[in-house]
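Undergrad: Below are the sequence and a predicted model; questions follow.
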Amino acid sequence: MPDSAAPLIAVFGLNTMLFRNCLAGLPEARAVLRPNEHTNSVAFIAGHLVETRAWMARYVGLDCPPPFGGVLEHATSIDQIPVLPSLEAIRAGWDDVSPQVVGRLGSMTSADLTAESSQRFPGVSNTVLGGIAFLMQHESYHIGQLAYLRKFFGLPAMSYR
């Protein structure tokens, strides 16, 4: 049984930084390019991550509307999005929602974390902690995709600093 959300906050902080580092120096024109028709663009993946963080905010009890007017909220494919958010809007959305979520994680009690989850997630316990762990792993997965796309576009590797 967890005594605090400190490990979650550490991973959350790392993902927050790595997301920013993946977008650093990336030109807008590259952000909307797809390496092929089977691959998502940086803008789609990054926008999806902002939307998912806003969903995480709601999952842990915060009042956080879907970013970008909700255009990405239920999208399952890049082909469903006629116009992707700009990198500026994506960064702003990330920087807006991240402190809200980390603040909430810091105030969560052991009882909050071990409470039964309102949502089922694959591969984790049916607790709020399990849900948060899944959502953070989901972020890490997509951050890896963003890091790969940086290299594909000829940019330096994502920095861990």
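TA: Okay, I see it. Residues are numbered from 1 along each chain as shown.
Undergrad: and residue 127, backbone torsions?
TA: In terms of degrees, to the nearest 10, the main-chain angles of residue 127 are phi -120, psi 170.
Undergrad: center of the chain, which residue is that?
TA: residue 49 (3.1 Å; Cα atoms, centre = their mean).
Undergrad: Name the nearest residue to it, ignoring sequence neighbours.
TA: Of all residues not flanking residue 49 in the chain, residue 142 sits nearest, at 5.4 Å (Cβ to Cβ, 6 or more residues apart in numbering). Every residue, glycine included, has its C-beta placed from N, CA and C.
Undergrad: Check residue 73 too.
TA: Residue 73 sits nearest to residue 66 (Cβ to Cβ, 6+ apart), 4.4 Å away.
Undergrad: Now do the phi/psi pair for the one you found.
TA: Torsion angles, degrees, to the nearest 10, at residue 66: phi -60, psi 130.
Undergrad: The lengthiest helix in the chain packs against which elements?
TA: Ranked by residue count, the top helix of the chain under DSSP state H comes out as helix 128-152. Packing partners of helix 128-152 (3 or more Cβ pairs under 8 Å, 6 or more residues apart in numbering; DSSP states H and E): helix 6-23, helix 42-59, helix 110-114.
Undergrad: Just the pLDDT for residue 2.
TA: Here the pLDDT value assigned to residue 2 is 56.
Undergrad: Over to residue 73?
TA: So residue 73 comes in at 85 (pLDDT).
Undergrad: can I assume the residue nearest to residue 73 is in contact with residue 51?
TA: Yes: with contacts defined as Cβ atoms under 8 Å, residue 66 counts as touching residue 51 at a distance of 6.2 Å.
Undergrad: Between those two, which has more neighbouring residues?
TA: residue 51 (23 against 16; other Cβ atoms under 10 Å).
Undergrad: Check which residues of stretch 140-160 are buried.
TA: Neighbour counts using 16 or more other Cβ atoms under 10 Å place 142-143, 145-147, 149-150, 155, 158 of stretch 140-160 among the buried residues.
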